[in-house]
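In: got a sequence here, can you build the structure:
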Amino acid sequence: MSSNTHKLISGKLLLVRIMKFVVFLALLIGIGGCKVDTVTEGMVNDDAFIKQKNQSLFLKVAGNIGSRKLLLIVHGGPGGNGLDYRDSMIKATVEPNMAVGYWDQRFGGNSQGNGGKSGLADYREDLLTVVKFLRAKYGADLKIYVMGHSWGGFLTPYFLGYEDNQSLVSGWIQVDGAHNYPLNDSLTEAMLAKRAVIEIAENRNVDHWTEVLNYCNAHNSSDGYEVSAQLNQYAHKGETLMDSVFAPSGNYSKEVSSSYRNNRVNETISGLLGVDGPTYDVNPDAYLARIQLPTLLMWGEFDFVCPRGLCDDLNVKIGSSDKTIQYFYHSGHSPMMNEPTLFWDTVLDWVGKH
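Out: Predicted structure coming up:
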């Protein structure tokens, strides 16, 4: 091949590279100049992936955005997903009255990514990003109410008590939340041991409750993560053995899995990363008093996973003067499933007043 031919090929390659760079630059400029179209009226059913560092956070917003109110669900886990809360009841009773945001946390639900960090501060920053996205997408006048459940009940106060984050939302709903992990474990152990004595005396599920009682007597909730995990397993099993806990109704159904769901993988990753491990080193008393938002505390009477004592602790320690408590006497850890009518009626009534 002649030197002229080499020069011609080299020149063409250079031109192609320049053209690719120009196209890439144009895309960057176009992306940087994109404006989120604001939606303030009518019913919506929007799916979005919000880029947050190495993660793409999934968010579905469905319901009456024209109400100018939105319930942002902060799911449990870690590694759970928001769409588990989008059941037949919430679609029929809540979405027609207000919008609902079903957000999947990093390493949870439909959220995607090539890894990234799993520190508590990263989850807090993610939640801030989602709230800002909602205000940009649906208007700065949108009233956002964050609802934390279980592990989400740690993340929401951790978020609200930091800097001026609470100024971006209008209210906080805490549902059987784990705001204080060491206290949570001690309450779970005490509740399991007390219930075991009652159930054994009544000759109900004696083998199981004897095992639970022996374990509680032989271990201390502060002995480490392995003990905590075992207590958590006993707690979930315990509520299923309570006759007073209502099972979900026969017509109960969850949202059908979306085509891009990878929740099983994310749930496994969350477990391997031990996402909630560092919560044991967090002292919530350092920020609970800073939370001044109107607050609704909702708790299942037979929640062994996050016992009612956590509700009492929050009621005393948060700084808000506007606090409402609703107990569910036929519920365990998830009253939105055990007593859905009372649960969502309570939410709608409270949001309507705030």
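
In: stretch 109-126 spans what distance, first to last residue?
Out: Start to finish, the residues bounding stretch 109-126 are 14 Å apart (CA to CA, to the nearest Å).

In: next, the buried residues of it.
Out: If you call a residue buried by 16 or more other CB atoms under 10 Å, then stretch 109-126 has these buried ones: 109-113, 118, 120, 122-126. C-betas here are computed from N, CA, C, even on glycine.

In: ok, stretch 94-104 next?
Out: Of all the residues in stretch 94-104, those buried under the rule 16+ other CB under 10 Å are 94-95, 97-104.

In: ok, and what's touching that stretch?
Out: 43-44, 57-65, 67, 69-75, 81-83, 85-86, 90, 110-111, 127, 130, 134, 138, 144, 255, 344, 347-348, 351 (CB atoms under 8 Å, 6 or more residues apart in numbering).

In: need the buried ones from these selected in PyMOL.
Out: Those of the contacts of stretch 94-104 that count as buried under 16+ other CB under 10 Å are selected in PyMOL with:
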select buried, resi 44+57+58+59+60+61+62+63+64+65+67+69+70+71+72+73+74+75+81+82+83+85+86+90+110+111+127+130+134+138+144+255+344+347+348+351
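
In: what's the domain layout of this structure?
Out: Following the assignment in automatic domain parsing, the chain carries domains at 1-34, 43-183+244-353.

In: mind checking the pLDDT average for the last one?
Out: Same thing as domain 43-183+244-353. The average pLDDT within domain 43-183+244-353 is 93.

In: how far does it stretch from start to finish?
Out: End-to-end distance for domain 43-183+244-353: 22 Å, by CA to CA.

In: can you give me the helices for the stretch 1-150 of the chain?
Out: Along the stretch 1-150 of the chain, counting by DSSP state H, counting those that start in this stretch, helices occupy 3-32, 88-93, 120-138.

In: off-centre distance for stretch 85-94?
Out: How far stretch 85-94 lies from its chain's middle: 17 Å, per CA atoms, centre = their mean, to the nearest Å.

In: can you show me the CA trace of it as CSV?
Out: Coordinates of each C-alpha in stretch 85-94 appear next as CSV, following Å, rounded to 0.1, in the frame of the first residue of the first chain:
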residue,chain,number,x,y,z
TYR,A,85,-47.1,-0.7,47.9
ARG,A,86,-49.1,-0.1,44.7
ASP,A,87,-51.9,-2.5,45.4
SER,A,88,-55.5,-2.6,44.4
MET,A,89,-56.6,-0.5,47.4
ILE,A,90,-54.1,2.4,46.9
LYS,A,91,-55.0,2.6,43.2
ALA,A,92,-58.7,2.7,44.0
THR,A,93,-58.8,5.0,47.0
VAL,A,94,-55.7,7.1,47.1
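
In: ok, back up a step: distance to Lys194 added to the buried residues of stretch 109-126, as CSV?
Out: CSV is the format used below for the buried residues of stretch 109-126 (distance: CB to CB, whole Å):
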residue, distance to Lys194
Gly109, 35
Asn110, 40
Ser111, 39
Gln112, 44
Gly113, 43
Ser118, 35
Leu120, 31
Asp122, 38
Tyr123, 33
Arg124, 35
Glu125, 40
Asp126, 38
